[in-house]
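Novice: below are the sequence and a predicted model for it; my questions follow.
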Amino acid sequence: MPEPLDPEALQRRLATLQAEHPELDPLAALVLLAIRHSSVAGDSGVSTALVSRRLGLEHALVRRAAAELESDGWVTATPVGGASPALRLILATTC
């Protein structure tokens, strides 16, 4: 897993992303940044549970943002499997 973004870098990236894509909900934009940062090393994606822990957000909020990102074509989401409610999020090729 990549090093965590420092808060100032995260704020800059979030502001840039929201300026480029004002249609994105702020929470969805934050989750998208976390997915991008977590997926730097490969194409295997990241689980919503991990994103939830890294951002300190309720898992349900991350899943809701993930559903929005998927419906808008930013990510694809697949169940992690088992009894877990987590989803594996993979960036769309256009991101």
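Specialist: Nice, thanks for sending it over.

Novice: mind pulling the model confidence for L27?
Specialist: We have a pLDDT of 96 for L27.

Novice: can you give me the strands in the protein?
Specialist: With strands called from DSSP state E, the chain shows them at 46-47, 75-79, 87-91.

Novice: gap between R88 and G81?
Specialist: Per C-beta to C-beta, to the nearest Å, R88 is found 9 Å from G81. Heads up, the C-betas are built off the backbone N, CA and C, glycines and all.

Novice: the more surrounded of those two?
Specialist: R88 (19 against 8; other C-beta atoms under 10 Å).

Novice: where does pLDDT dip in the protein?
Specialist: 1-5, 39-43, 94-95 (pLDDT under 70).

Novice: which residue ranges of it form helices?
Specialist: Under the criterion DSSP state H, the chain carries helices at the ranges 7-20, 26-38, 48-55, 59-71.

Novice: report the distance from stretch 74-88 to the chain centre.
Specialist: Relative to its chain's centre, stretch 74-88 lies at 12 Å (C-alpha atoms, centre = their mean, to the nearest Å).

Novice: which positions within stretch 19-38 qualify as buried?
Specialist: Residues of stretch 19-38 classed as buried by neighbour count (16 or more other C-beta atoms under 10 Å): 24, 28-38.

Novice: A92 contacts A77, doesn't it?
Specialist: No: using C-beta atoms under 8 Å, A92 is not in contact with A77, being 10.9 Å away.

Novice: so those two - more neighbours on which side?
Specialist: Counted by other C-beta under 10 Å, A92 and A77 do not tie: A77 has more neighbours, with 18 against 12.

Novice: correct me if wrong: the more buried one contacts L89.
Specialist: Yes: using C-beta under 8 Å, A77 makes contact with L89 at a distance of 5.5 Å.
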